[in-house]
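Chemist: Okay, predicted coordinates and the sequence, questions at the end:
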Amino acid sequence: MIRATLRTITGRRGSFRVGALVVLASVVVVIGVLVVVHELRPGRNPSIGGQPMLDGVGGAVWALGTVVAILLGALAGSYDVAQGTIRYLVLTGVGRLRLYAARTVAVVVAVLLLLVPALALGLAAVVVLPSAAGDEVTAGEVADVVWTSVVFPLVFALIAMGIGTVLRSNGPAIAISLLFLFAGAPLLALIEAANETAGDLMLIQALDRITGGETSIPVAAAALAVVGWIGLFWAAGLARLLRDEY
Amino acid sequence: MSDEPIIRLEGVTKRFGSKVAVDGVTIDVPRGRCLGWLGPNGSGKTTLIRCMLGLARTSSGTIEVRGQPMPSGSRLALERVGGIVEEPRFYPYLSGRGNLEVWAGFLGGDSRGRIDAALERVGLAANADRKVKAYSMGMRQRLGVARSLLNDPELLILDEPSNGLDPSGMAAFRQMIRSFVELDGRTVFISSHLLDEVEKIADDIAIVHEGRLVLHGSVEELVAEGRQGLRLRVDDGDRAAAVAGGLPFVTGVDRRGAGELGIAVTTLDDDSAIALTRALVEAGVGVAEVTRERESLEERFLEITGGATADEVKA
């Protein structure tokens, strides 16, 4: 069932295959830019690989991966209702909770599949391309970048899936999910101004904390906050799926 | 085969706010037959099907499918039920076969092994690897039936399945549906607003109007129960009416115009036609024409539904 759900997600060329290519292309662009600036001013930019490449790849996969994952997650949540296929999924006799659980696992796997080619290429470039002394990277630094590049897209994809399931319409699901990502920063500033701890429990701050950032709350509390945010949207989606008539 | 009805509805009502879409429907659907669920658009056909399949909740009443209460027994009930509701929907970016593989993934069991046979049965084997977005409406309908066959259903519920089919496609479709009943022994519940279509496919017909079940029986029974009589063209209508009205087997006389009458009789057979003609001739009435009249199912349907849906029932 999970494989079947995954196929419905990865089969969508627009959100999955093009998305994976966009993330991969962002890494190619980073590599290209570093090669060019190195060739232009080798004294000032002595390394292509190593630390500069790790920073560039991490930033590109984190940013574009998150946006593409939101697109993927929102569509995974809304598509079956928008397309009318949900009726036939329910007709299989599989319980709605199981359908939703399979969708959740499939979204996680799809996001990982989306990121793997770009991360693999980027990390290969970090290691293979030349780097000057002092620009070497440690395994811990690589692991941090991979963790950050994976956790942000995963969390936002799951939240977008919940939003998509609630909204049941592809366009609004994508729009609201992206708004949730981009409106987070200004909203966060307001909340932090009122109460620092409350601000640190907001999703972006909590994610920042569990990916190595410094905030006023412990990592465990931040992790709980992230799980809580995911759970909130996931449960809203589940409630909608259980309640709706098709 | 069990004698238990495959579908049992008891006082099923579905309301949307103050609007009653399905109004106290009670019916048993026997196994191994094709029931035509006939009614004009907006008469609650699809709503009832959605309730039967656990897609929507009833406001009151009980539903059993394959002996299981719905919707609480959906998992067991739907194990061997296939259906098309309103229109078949698929993942357009996957092929026909790819879509069936996805559904087989949800159905489990032997459903994956039935994909080729199902595609063959509906005549889509040659187009199985084309993407569904390139399918015509008729091909999608057939793919919908193929999907319905994946769990080897005892019961097929098909809601307006001939939408989008051309006349030759409809004929082939009817043949396919009949084969499900006659060859496979499946039960088919087919809803339609097209009387002609249902009359050709179904063994039994139920007519619904404004959410209520207003007529139910076998096609033969319903046809036989309709008004029957003789139409006369004579040279003296008044005299003919008086003579006919005095005959014991005549139940009504309808004056339709100068020299034309409709005579309702208890039994429409040769004996009544001969006796009537003889009585008229003996009374000195000149008889120009005697023809038999039987109220068609379409006329009964129009009578029951108020005749407002003539366009819908003329297939």
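Modeler: On my side now, so go ahead.
Chemist: Excluding chain neighbours, what is closest to B:Ala288?
Modeler: Closest residue to B:Ala288 apart from its sequence neighbours, by Cβ to Cβ, 6 or more residues apart in numbering or on different chains: B:Arg233 at 4.4 Å. Glycine gets a C-beta too; all of them are placed from N, C-alpha and C.
Chemist: same question, B:Gly67
Modeler: Computed as Cβ to Cβ, 6+ apart, the closest residue to B:Gly67 that is not its neighbour in sequence is B:Glu4, at 6.1 Å.
Chemist: Any idea how many residues pack against the one you found?
Modeler: 12 (other Cβ atoms under 10 Å in any protein chain shown).
Chemist: would it count as being in a strand?
Modeler: No. Residue state for B:Glu4 (DSSP: H, G, I helix; E, B strand; the rest coil) corresponds to coil; a strand is not indicated.
Chemist: That one and chain A, how far apart?
Modeler: According to Cβ to the nearest Cβ, to the nearest Å, B:Glu4 stands 20 Å off from chain A.
Chemist: could you list every residue that touches the nearest residue to B:Asp110 once chain neighbours are set aside?
Modeler: Nearest residue to B:Asp110 in three dimensions, chain neighbours excluded: B:Asp152, at 7.5 Å (Cβ to Cβ, 6+ apart). Shown in contact with B:Asp152 (Cβ atoms under 8 Å, 6 or more residues apart in numbering or on different chains): B:80, B:110, B:114.
Chemist: Please flag which of these sit within strands.
Modeler: Among the contacts of B:Asp152, no residue falls in strands (DSSP state E).
Chemist: for chain A, what helix or strand is lowest in average pLDDT?
Modeler: Least confident element among the helices and strands of chain A, by mean pLDDT, DSSP states H and E: helix A:184-194 (a mean of 78).
Chemist: Nearest to chain A: which residue in chain B?
Modeler: When scored by Cβ to the nearest Cβ, chain B has B:Gly105 as its residue closest to chain A, at 2.7 Å.
Chemist: Tell me if I am right that the residue nearest to B:Asp110 is in a strand.
Modeler: No. According to three-state DSSP, B:Asp152 belongs to no strand; its state is coil.
Chemist: hang on, the earlier thing: what strand or helix carries the residue of chain B closest to chain A?
Modeler: Assigning secondary structure by DSSP states H and E places B:Gly105 in helix B:96-107.
Chemist: ok, and what's touching that helix?
Modeler: Here helix B:96-107 makes contact (Cβ under 8 Å, 6+ apart) with A:1, A:3-5, A:7-8, A:11, A:88-89, A:92-94, A:99, B:90-91, B:94, B:111-112, B:114-115, B:118-119, B:124, B:127-130, B:132, B:135, B:139, B:143, B:146-147, B:150-151.
Chemist: Then stretch A:18-31?
Modeler: A:48, A:53, A:56-57, A:59-61, A:63-65, A:68-69, A:71-72, A:113-115, A:117-118, A:121-122, A:125, A:129.
Chemist: how about a cut-off of 6 Å?
Modeler: Residues outside stretch A:18-31 that contact it (Cβ atoms under 6 Å, 6 or more residues apart in numbering or on different chains) are A:56-57, A:60, A:64-65, A:68, A:114, A:117-118, A:121-122, A:125.
Chemist: got it, and stretch B:173-187?
Modeler: Counting by Cβ under 6 Å, 6+ apart, B:6, B:31-32, B:34, B:155-156, B:162, B:165, B:188, B:200-201 sit against stretch B:173-187.
Chemist: tell me the mean pLDDT for it?
Modeler: Over the span of stretch B:173-187, the pLDDT mean works out to 94.
Chemist: Buried residues of that stretch, list them for me.
Modeler: With burial defined by 16 or more other Cβ atoms under 10 Å in any protein chain shown, the residues of stretch B:173-187 counted as buried are B:173-174, B:176-178, B:180-181, B:184, B:186-187.
Chemist: So which of those belong to helices?
Modeler: Among the buried residues of stretch B:173-187, the members falling in helices (DSSP state H) are B:173-174, B:176-178, B:180-181.
Chemist: Let me know the helix or strand that the residue of chain A found nearest chain B is in.
Modeler: Closest contact between chain A and chain B, by Cβ to the nearest Cβ, is at A:Ala4 (2.7 Å). Taking DSSP H and E as the criterion, A:Ala4 maps to helix A:2-10.
Chemist: Name the next helix or strand following that helix along the chain.
Modeler: Going down the chain from helix A:2-10, the next helix or strand is helix A:18-40, by DSSP H and E.
Chemist: Between helix A:2-10 and that next one, find me the angle.
Modeler: Angle between the axes of helix A:18-40 and helix A:2-10 is 60 degrees (criterion: axes from the mean of the first three to the mean of the last three Cα atoms, to 10 degrees).
Chemist: what residue is smack in the middle of chain B?
Modeler: Taking Cα atoms, centre = their mean, the centroid of chain B lies closest to B:Gly36, which sits 2.2 Å from it.
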